[in-house]
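1. whatever this is, show me its structure:
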Amino acid sequence: MGQPPQEVSPLSLNRLSLYLRCLRQLQDQGVTRISSQELARQFHLSAALIRKDLAQFGEFGIRGIGYQVEPLIETINVVLGLDREHRIAVVGMGRLGSALASYLGFNEGAFRIVAAFDSDRRKVGKKVGHLEIHHIEELTEVVRETQAEIALLTSPARVAQGIYEELTAAGIRAVLNFAPTQLAVEPDVPTKSVDVRIHLEELAFFLR
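-> I've put the predicted structure just below:
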């Protein structure tokens, strides 16, 4: 495998995740080799874009023969950092946070939810899935004990910034923000926001 480039666009990373999902489906079907054209045709992708994206990370595939599915899956896993476990903390045990904490897909492969937090003392000590809910005041101690490095932030918008700052101070290294607000983020803490309303408003624009 070649060395990853210093700068990779978010769109390229998103496509790598998509390719990985498609390749895993092929692996489950017993497919061992596939060309970029076949991959594109089966999953409604662009063959040229597939080749361009993969070429950023090394030489894969043989002209006229295609890609070996299993080695390519292993390579993309390494490029995306999925060759090791990432421990996750969920902050905010409302409906969304509870659903995320219980989602089995976060406890397979490279991701594992190891901690849950809320500021409501009526929820502290209760179980969500296999997790006991901790008070937010225990954040630093529990993050250290569980070695959580990613946080899913599902708190109300009015308190999200303060909690984000507590998370980064506690040693959390990356945040996926579900709170409907724009955060002032730390430059060395990768932070992504998920706002369903923004996507709905984009769709509404096209439905005018």
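2. okay, now the domains of the protein?
-> Structurally, the chain divides into domains by automatic domain parsing as follows: 10-79, 86-198.
3. for this structure, which spans come out with low pLDDT?
-> For the chain, the stretches flagged by pLDDT under 70 are 1-7, 58-64, 104.
4. what about 90?
-> 1-13, 51-66, 79, 102-109, 129-130, 196, 208 (pLDDT under 90).
5. just checking: what are the partner strands of the longest strand along the chain?
-> In the chain, assigned by DSSP state E, the strand with the most residues is strand 111-118. Next to strand 111-118 in the sheet, as set by DSSP bridges, lie strand 86-91 (parallel), strand 131-135 (parallel).
6. turn these into JSON lines, including distance to residue 18.
-> Just so you know, the C-beta spots here come from the backbone N, C-alpha and C atoms, and that holds for glycine as well. Output for the strands paired with strand 111-118, formatted as JSON lines (distance: least, CB to CB, whole Å):
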{"stretch": "strand 86-91", "distance to residue 18": "19"}
{"stretch": "strand 131-135", "distance to residue 18": "30"}
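7. for those strands, which one ends up most surrounded?
-> strand 86-91 (a mean of 24; mean count of other CB atoms under 10 Å).
8. dump that one to CSV, restricted to CA.
-> Provided in CSV are the C-alpha atoms of strand 86-91 (Å, rounded to 0.1, in the frame of the first residue of the first chain):
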residue,chain,number,x,y,z
HIS,A,86,-12.3,3.3,18.2
ARG,A,87,-14.1,3.8,21.5
ILE,A,88,-17.1,6.1,21.6
ALA,A,89,-18.9,8.1,24.3
VAL,A,90,-22.5,9.2,23.8
VAL,A,91,-23.4,12.5,25.6
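9. strands along the chain, start to end?
-> 33-34, 67-68, 86-91, 111-118, 127-128, 131-135, 150-153, 174-177, 191-193.
10. picking that back up, and of the strands paired with strand 111-118, who's closest to residue 184?
-> Residue 184 sits nearest to strand 86-91 of all the strands paired with strand 111-118, at 17.1 Å, using CB to CB.
11. thank you, goodbye.
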